[in-house]
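Participant: dropping a prediction and its sequence here:
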Amino acid sequence: MGNERAVQLTWLGAGMQFTGAGTAPVTAPVVIDGDGAVGPSPMLALLLAAGGCTGADVVSILAGMRVKLQRCDVAVSGTRRDEHPRRYVAIRLRFTLAGDGLDRPKAERAVALSLTKYCSVLHSLASDIAVEHEIVLA
C-alpha cells in the first residue's frame, strides 16, 4: 500500500539512548533519548515532528502565495495525561511569521491549510487531541 517509510534505531548501550535514521528514504542519524539527556525524548521528538511538518507546509503554501518569507518560527507545546499511557491530550502551536507580501489573511490561510489538510504528522495522531494555534506577525 502506498508510500512506505522506514527507520532503524540502535541502542547505544547506555541508558535509554538510541541512534536512529531513515532507511527508506535514507537520512542522517539523530539521537533519541528516553531520558532526554543527550537528545530529545520520543515525546519531544513527536512535538518536533509536528512543528517541522506544519512549518514546512506553511513555508510551501506561502511561497505559492508569492510571499517572500523571511521568518517562520514554530513553538510547539503539549499537555500529557498523568496516567498511562501518558499520551498528549492537547498540542499548541505558535507560528511567528514575517515576509514581504505577508498579511494576516495569507498567514491564517496557510496555517489553516496545514492544520486541516496537509500536516501528515498531526493527522497521524489520535483524533481527540485538541490542537490549538496562534499566529504572530513579526
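Facilitator: That came in fine, so what should we check first? Bear in mind that the values here come from a model prediction, so they are computed numbers and not experimental data.

Participant: going forward, measure contacts between C-alpha atoms and count neighbours the same way
Facilitator: Noted.

Participant: who touches the lengthiest helix in the chain?
Facilitator: Counting by DSSP state H, the longest helix found in the chain is helix 42-64. With contacts defined as Cα atoms under 8 Å, 6 or more residues apart in numbering, helix 42-64 is touched by 32-34, 68-69, 72-78, 93, 106-107, 110-111, 114-115, 118-122.

Participant: OK, contacts around residue 30?
Facilitator: Residue 30 is in contact with 19-21, counting by Cα under 8 Å, 6+ apart.

Participant: any idea of the pLDDT on residue 113?
Facilitator: Listed pLDDT for residue 113 reads 98.

Participant: what about it, neighbour count?
Facilitator: 15 (other Cα atoms under 10 Å).

Participant: what does residue 84 give?
Facilitator: Quick note: residue 84 (other Cα under 10 Å) scores 7 neighbours.

Participant: look up the pLDDT of the residue nearest to the spatial centre of the chain for me, please.
Facilitator: In the chain, the centroid-proximal residue (Cα atoms, centre = their mean) is residue 50; its distance is 1.8 Å. As predicted, residue 50 sits at a pLDDT of 98.

Participant: distance of it relative to residue 67?
Facilitator: To residue 67, residue 50 is 23 Å away according to Cα to Cα, to the nearest Å.

Participant: of the contacts of helix 42-64, keep whichever come out buried.
Facilitator: The neighbour-count test (16 or more other Cα atoms under 10 Å) applied to the contacts of helix 42-64 identifies 32-34, 69, 72, 74, 76-78, 93, 107, 110-111, 114-115, 118-122 as buried.

Participant: let's see which of the residues you listed end up in strands.
Facilitator: Among the buried ones among the contacts of helix 42-64, the members found in strands (DSSP state E) are 32-33, 69, 72, 74, 76-78, 93.

Participant: what are the buried residues along the longest helix of the chain?
Facilitator: Going by neighbour count (16+ other Cα under 10 Å), the buried part of helix 42-64 is 43-44, 46-55, 57-62.

Participant: so what are the domain limits for the protein?
Facilitator: The chain breaks down by automatic domain parsing into domains covering 1-39, 42-137.
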